[in-house]
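1. everything below, folded, please.
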Amino acid sequence: MISPRNVKVVSLQLNNGFSGRAMLLSKSDNVFSKADWLDCLSRPQSLFEETEKILKTQGRNCVAVKKLTIDSKQIKVVIKRHRSGKGLRNFFRSLQPGKAIRNFKTAVKLISREIPTAMPLAAIHRKENFLTKESIYITEYFENSCSLYDFANEKTNFKSRRQICRQVATLLASLCKNGLWHRDAKASNFLVCKDNENQCRVVLVDMDGIKRNIFRKERNQLRCLWQLAASVMNVHGVNRTDYLRVFTAYCDLTGIGHPQQKQLFYKLAKKAKAKFMQKAAANNAASFKNILIIKPSSLGDIVLTLPALSALRRNFPDAKISWLVRPEFEPLIKNHPHLTNTIIFDRKLLGKWWCNWKSFSCLVSLIRQLRSSRFDAVFDFQGLFRTVLFGWLSGCKRRFGMAAAREFGHIFYTHKIAQNKDCINLVDYYLKIVKAAGCKNIDVEFVLPQNQQDVDSANKLLTENGISNNNYAVLVPGSAHADKCWPVERFAVIAEKISSQFNMPIIATGTKSERAVVEKIKSVCGVSIINLAGLTGIGELTAILKKTKIVISNDTGPGHIAAALNVPLVLIFGRSNPARVAPYGRANCVAAIEPNGRGFKPDSTKAKHDIKFVTIDEVYRKICEQIENKPSQL
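-> As a prediction, this is how the structure comes out:
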């Protein structure tokens, strides 16, 4: 064991762009000079050549065991390489010294305070333009050792177990007394070392989790206990006596009185169990082989669910994924590359089950199909009683859904996920739900399937109406809800402005029932408008929207398809909350009154949010902005 007085650190400045620190004394009392370290670390990338064992790899990061030659002496070390990742969070982290340097400083601090820690030997990092790009940490290697988790799985005698429990409690208490705490105190971050006489010693090997407890918060001081307990809860050899032994010793060393200990023990036990169950759910997610998504309607809502589908496919690449959907919306997802198959939910037919034998027979057939599929997980993104009921009738034991599902639907879920201010947008909320099932890669990705037949049909339709290029604008003036429709007279004015300013032909789309709305716009408009309402299927509509220069739409399905295609778009909102369903990451596409100040509610009852208060000038200004700053199409 090295005395804290013998710890000597020297700064290093290498010629290869790296700089850092090194220890002049190793665990075997080999004395190394600064020149020895400069020579040894002259080629940092060679440190990962001819390694004995790779302990861990994650992306471009690596942990390996190697015999390192320093001043003609060979010592066995553990080498950890960390490279900065992408993203805003990693950018701010790269402004700090490299992780290796921070870990080195932490280890030296712990050793100086006589806390059992793996001896740091060297740490170097490379910076470019003040940003840390890479860091390498070298620490001592213990020959006869194993992690605390592996030790707990071994059959050991009573004396050794009691000794280890006492050492773990002493180590954690020492951190507490020195104003520190372990943020990630799982058993794999502690090492149990055995000497020649088979005596055990516990040391810290992970420095990332050591943090300062500036305000000496009790929750931080106790968190390490329930985290450690949660990490070994699946080890059959660890019993209640072991937990109690560590807890009692820790309380005695930190001055927690006996009257408080019993109540505190049960409180920490509940937290440990909750943590263990959460981890177990995440691990069980890896076994999902058959997944059902329930989102029957509507067209725009289905589009907003597509990133959740893609996230499920990325995280469960071998799983069978089915989607319960209404027949009129099936074409949107039928040939989706991330979907295995669709299950049709004919609401109009099944709604007559109580008075029509055919409907009743179809309902029974649907329930049988759901039960025979034996789904591992059901994700209900609709949140209505009928959809929740289908999930429950499927017999699946893991049903994920919204904590605030309507019509008391939430009582049928096994996993209820609440919506908060960080996931007001439904895209984020749906991704939060799949994350609760164990999905880790939840990047937002909109994938809209399209076949060549639909593209050819759309091109033919455009050609027949005198449009031979992609220089046209699309209006979507209809909606299933009248109070979501911007006045037709204003659509007519917008069509005139676009035609005169940008010399574009105007196309209007919609359902067959909305042809009359388009005809009304044509009757009051001074320019020609091509009425394609009711003449396109979903596939043809998608092909037309993908090539357009600009889409002006109410809050309705085609508008959300345009948003998913990332084409220039102005989406006009009335009572519906823009923050929930606005084009993801494209706030500049929204024309609404107070688009970001309506909270969580889907719809507003305030008169000032009426769609008629959205002016022509505001919509036209956003049209000009979108055309001039056209986003890249997918």
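2. next one: stretch 419-426 to chain centre, how far?
-> How far stretch 419-426 lies from its chain's middle: 13 Å, per Cα atoms, centre = their mean, to the nearest Å.
3. same thing with stretch 606-615?
-> Mean C-alpha position of stretch 606-615 versus that of the full chain (Cα atoms, centre = their mean) differs by 35 Å.
4. same check on stretch 505-520?
-> Offset of stretch 505-520 from its chain centre (Cα atoms, centre = their mean): 40 Å.
5. end-to-end on it?
-> With Cα to Cα, to the nearest Å as the measure, stretch 505-520 spans 18 Å from end to end.
6. go through whatever helix or strand Ser499 lives in and flag the buried ones.
-> Applying DSSP states H and E as the criterion places Ser499 in helix 488-502. For helix 488-502, the neighbour count (16 or more other Cβ atoms under 10 Å) marks Val488, Arg490, Phe491, Ala492, Val493, Ile494, Ala495, Glu496, Lys497, Ile498, Ser499 as buried. Heads up, the C-betas are built off the backbone N, CA and C, glycines and all.
7. excluding sequence neighbours, find me the nearest residue to the fifth one.
-> Excluding its sequence neighbours, the residue lying closest to Val493 (Cβ to Cβ, 6 or more residues apart in numbering) is Ile616, at 5.4 Å.
8. next: the last one.
-> The shortest distance from Ser499 to any residue that is not its chain neighbour, by Cβ to Cβ, 6+ apart, is 4.2 Å, and that residue is Val527.
9. how many neighbours does the one you found have?
-> Look at Val527: counted by other Cβ atoms under 10 Å, it has 15 neighbours.
10. surely it touches Lys497?
-> No: in terms of Cβ atoms under 8 Å, Val527 does not count as a neighbour of Lys497; the distance is 9.5 Å.
11. which regions of the stretch 201-350 of the chain sit below the pLDDT cut-off?
-> For the stretch 201-350 of the chain, the stretches with pLDDT under 70 are 215-217, 278, 280-287.
12. okay, and the beta partners of Glu140?
-> Val77 (DSSP bridges).
13. quick check: domain ranges of this protein?
-> Domain assignment for the chain, taken from automatic domain parsing, gives 4-140, 145-284, 287-435, 453-628.
14. so for Val447, which of the ones you listed sits nearest?
-> Closest of the domains of the chain to Val447 is domain 287-435, at 5.7 Å (criterion: Cβ to Cβ).
15. any chance of the buried residues of helix 488-502 in a markdown table, plus distance to Val203 and pLDDT?
-> What follows is these, written out as a markdown table (distance: Cβ to Cβ, whole Å; pLDDT from 0 to 100):
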| residue | distance to Val203 | pLDDT |
| --- | --- | --- |
| Val488 | 76 | 96 |
| Arg490 | 73 | 97 |
| Phe491 | 72 | 97 |
| Ala492 | 77 | 97 |
| Val493 | 76 | 97 |
| Ile494 | 71 | 97 |
| Ala495 | 74 | 97 |
| Glu496 | 78 | 96 |
| Lys497 | 73 | 96 |
| Ile498 | 71 | 96 |
| Ser499 | 76 | 95 |
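16. nearest to Asn470, of those?
-> Among the buried residues of helix 488-502, Ile498 lies closest to Asn470 (Cβ to Cβ), at 14.8 Å.
17. buried residues, the helix ranked longest in the chain. List them.
-> If you go by DSSP state H, the chain has its longest helix at helix 258-285. Buried residues in helix 258-285, defined by neighbour count with 16+ other Cβ under 10 Å: Gln261, Leu264, Leu268, Ala269, Lys271, Ala272, Lys275, Phe276, Lys279, Ala285.
18. just how off-centre is it within its chain?
-> 24 Å.
19. parallel or antiparallel, list what pairs with the helix or strand just after it.
-> Toward the C-terminal end, the helix or strand that comes next after helix 258-285 (DSSP H and E) is strand 290-294. Here strand 290-294 has these sheet partners by DSSP bridges: strand 320-325 (parallel), strand 377-380 (parallel).
20. next SSE after the longest one?
-> Of the helices and strands lying after strand 320-325 in sequence (DSSP H and E), the nearest is helix 330-333.
21. about what we covered before: kindly reformat the strands paired with strand 290-294 as a markdown table containing mean neighbour count and distance to Thr156.
-> Below are the strands paired with strand 290-294 laid out as a markdown table (neighbours: other Cβ atoms under 10 Å; distance: least, Cβ to Cβ, whole Å):
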| stretch | mean neighbour count | distance to Thr156 |
| --- | --- | --- |
| strand 320-325 | 22 | 44 |
| strand 377-380 | 28 | 39 |
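22. make a markdown table out of those strands and add distance to Gly17.
-> Listed next are the strands paired with strand 290-294 as a markdown table, based on distance: least, Cβ to Cβ, whole Å:
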| stretch | distance to Gly17 |
| --- | --- |
| strand 320-325 | 47 |
| strand 377-380 | 48 |
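23. do a quick rundown of the strands in the stretch 151-300 of the chain.
-> All strands of the stretch 151-300 of the chain, identified by DSSP state E, counting those that start in this stretch, fall at 180-182, 190-194, 200-204, 210-212, 290-294.
24. and what of the stretch 1-150 of the chain?
-> 9-13, 18-23, 53-58, 61-70, 73-83, 120-128, 131-140, 145-147.
25. angle of the longest one against strand 131-140?
-> An angle of 150 degrees separates the directions of strand 73-83 and strand 131-140 when computed by axes from the mean of the first three to the mean of the last three Cα atoms, to 10 degrees.
26. list the buried ones in strand 73-83?
-> When neighbours are counted by 16+ other Cβ under 10 Å, the buried residues of strand 73-83 are found to be Ile75, Val77, Val78, Ile79, Lys80, Arg81, His82, Arg83.
27. closest one of the residues you listed to Asn61?
-> Comparing those against Asn61 with Cβ to Cβ places His82 closest, at 5.2 Å.
28. if I look at that closest one, how far off is Gln58?
-> Counting by Cβ to Cβ, to the nearest Å, the separation of His82 from Gln58 is 10 Å.
29. ok, now Lys601?
-> In terms of Cβ to Cβ, Lys601 sits 41 Å off from Gln58.
30. of those two, who's got more company?
-> Lys601 (12 against 8).
31. count of neighbours near the residue nearest to that one when sequence neighbours are not counted?
-> Counting by Cβ to Cβ, 6+ apart, Asn577 is the residue found nearest to Lys601 once chain neighbours are left out, at 6.1 Å. Counted with other Cβ under 10 Å, residues neighbouring Asn577 total 25.
32. and Asn577, what pLDDT?
-> Here the pLDDT value assigned to Asn577 is 95.
33. done for today, thanks.
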